[in-house]
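Sequence first, predicted coordinates after that:
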Amino acid sequence: MKNTIGSSVALTIFGESHGTAIGAVLDGIAPGIPVDEEFIAHQMGLRKSVGSISTPRREADEVKILSGVFEGKTTGTPITFMIQNQDTKSKDYGELAYKARPGHADYPANMKYHGFQDFRGGGHFSGRITAGIVAAGAVAISALRAKGITIGTHILSCAGVSDRSFGDIPSDIEKLSDAQFAVLDESVKDAMIEKIEAARADGDSVGGKLETAVYGFPAGVGEPWFDTLESVLSHMLFSIPAVKGVEFGDGFGITDMLGSQANDCYRNVDGKVVTSSNHNGGITGGISNGMPLLFRTAVKPTPSIYKEQETIDLNTGENTTLQIKGRHDPAIIHRARVVVDSAAALVLCDQLALRYGTDWLR
């Protein structure tokens, strides 16, 4: 029953969707890193529910820093981020005390926690808990930026509508930094939103695929076997609710190439080693090679839908039906992209601290 990830820079999450508060503790981060509370608020805003394409639940998501920051900079001791839950309607979940929602963790959680879990709004399994990851991730993103490392994620596809892939990565990342609905080609935005709204109108939901780029990450970070850079990133990314797939570089598409096509050939350009292509997503042999890190995450359709579905009664084990009530997202992909940025930043800070020492991030 572990809720901590990371070795040198570690993150612990806490809270439940309808509890008093949620949050995170960031431990091992170097002292002296500036903490910009306006930037934290900006990042939290990118995760907020917006309009008809998100849940009607409206949380202020104001982050209170309880420890680890003094006079605007990290002290080197654990940073505690707390976010109060204010807009809860727990009565909407009364039936869920004994009926398992399809696509949710209700049944496996009941088996693991013997019925003592908080089922309201998904409890500790809810995507609501990612708010703490975003708060802590804002500090990690700032620390990386100070070292010339930037991260950006866009909606590569949603409900069959596709965005373009990364081109000029530094400028694309900059473009995404303030986008509430993160696409690189603005012409596809309305079509994606229409698909999400149509699913909502039908009591259903949609999923999609996110694409992430990390620019400026140095070569030589990661391990060759069990803690490869892909492994540790995947560990964190698969911890994000609704993520069902992760691929690096060309991913499964690389299997259709010849070795002569898939190999990223090294070249010396103006004294800097680069590769002529990036089919492997900036990682070879489990270790960063200095090229931009590129990976994609598959986000499943939101499991909370308003259609009647088959399920079981957790008390009797008998078959029954369930029609979910309450307030739910017809899609979470547009809110999940800042979670992916934050999660990746935390992992990369940990990996850099392991490679160069904690103070390297200062």
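Cool, got the structure.

how about the nearest residue to D359 once chain neighbours are set aside, what does it touch?
Residue nearest to D359 in three dimensions, not counting chain neighbours: A30, with 5.2 Å by Cβ to Cβ, 6 or more residues apart in numbering. In this view, the C-beta of every residue, glycine as well, is placed from N, C-alpha and C. Each residue near A30 by Cβ atoms under 8 Å, 6 or more residues apart in numbering is listed here: 74, 76, 143, 353, 358-362.

Please check these and keep the buried ones.
When the contacts of A30 are checked for burial by 16 or more other Cβ atoms under 10 Å, the buried set is 74, 76, 143, 353, 358, 361-362.

Redo the residues you listed as a markdown table? Include pLDDT and distance to V35.
Listed next are the buried ones among the contacts of A30 as a markdown table, based on pLDDT from 0 to 100; distance: Cβ to Cβ, whole Å:
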| residue | pLDDT | distance to V35 |
| --- | --- | --- |
| T74 | 98 | 6 |
| G76 | 97 | 12 |
| A143 | 97 | 10 |
| A353 | 98 | 17 |
| T358 | 91 | 16 |
| L361 | 93 | 13 |
| R362 | 88 | 13 |
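
how much space between Y107 and V274?
In this view, Y107 and V274 are 49 Å apart by Cβ to Cβ, to the nearest Å.

Which elements pack onto the longest helix anywhere in the chain?
When the chain is parsed with DSSP state H, its longest helix is helix 333-356. When contacts are defined as 3 or more Cβ pairs under 8 Å, 6 or more residues apart in numbering; DSSP states H and E, helix 333-356 packs onto helix 37-47, helix 130-145, strand 150-158, strand 208-215, helix 229-237, strand 293-299.

what's the offset of the fourth one from the middle of its chain?
For strand 208-215, the separation from the chain centroid amounts to 11 Å (computed by Cα atoms, centre = their mean, to the nearest Å).

now do the shortest one
Centroid separation between strand 293-299 and its chain, computed with Cα atoms, centre = their mean, is 10 Å.

I'd like to know which of the contacts of A30 are part of helices.
143, 353.

Please point out which parts of the longest helix of the chain sit buried.
Counting neighbours by 16+ other Cβ under 10 Å, helix 333-356 gives 333-355 as buried.

Any regions of the chain where pLDDT drops low?
Low-confidence segments of the chain (pLDDT under 70): 1, 87-96.

quick one, what contacts N278?
249, 264, 291-292, 294.

picking up where we left off before, nearest to L66, out of the helices and strands packed on helix 333-356?
Closest to L66 of the helices and strands packed on helix 333-356 is helix 130-145 (Cβ to Cβ; 11.5 Å).

Count the neighbours of the closest residue to S177 other than its chain neighbours for me.
With Cβ to Cβ, 6+ apart as the criterion, S177 has its nearest non-adjacent residue at 6.8 Å, and that residue is G152. Number of residues near G152 (other Cβ atoms under 10 Å) recorded here: 25.

Please tell me how far G152 sits from I22.
Using Cβ to Cβ, G152 is found at 26 Å from I22.

And F116, by the same measure?
19 Å.

More neighbours: these two, which one.
The residue with more neighbours, out of F116 and I22, is I22; 26 against 8, by other Cβ under 10 Å.

for the more buried one, what are its contacts?
Neighbouring residues of I22 by Cβ under 8 Å, 6+ apart: 13-16, 82-83, 85, 128-129, 131-132.

swap in D106?
Counted by Cβ under 8 Å, 6+ apart, D106 has contacts 96, 99-100, 119, 314.

what do you get if the cut-off is 6 Å, keeping everything else the same?
Listed by Cβ atoms under 6 Å, 6 or more residues apart in numbering, the contact set of D106 reads A100.

before we move on, what about L46?
L46 touches V338, counting by Cβ under 6 Å, 6+ apart.

Distance check, it against S52.
L46 is 18 Å from S52, by Cβ to Cβ.

Could you do E310 as well?
Counting by Cβ to Cβ - E310 and S52 are separated by 28 Å.

Do I have it right that E308 meets Q323?
Yes. Assessed by Cβ atoms under 6 Å, E308 is found in contact with Q323 at 4.5 Å.

What count of nearby residues applies to G281?
For G281, using other Cβ under 10 Å, the count is 26.

Check the one 5 residues further on too.
The number of residues packed near G286 is 17, by other Cβ under 10 Å.

Next, the contact list for it, please.
Applying Cβ under 6 Å, 6+ apart to G286 gives the contacts 222-224, 228.

Chain neighbours aside, what residue packs nearest to G281?
G281's closest residue in space is G249 (Cβ to Cβ, 6+ apart), at 3.0 Å.

The one you found: how many residues sit nearby?
Neighbour count of G249, defined by other Cβ under 10 Å: 22.

dump the residue contacts of it.
Counting by Cβ under 6 Å, 6+ apart, G249 has contacts 279-281, 294.
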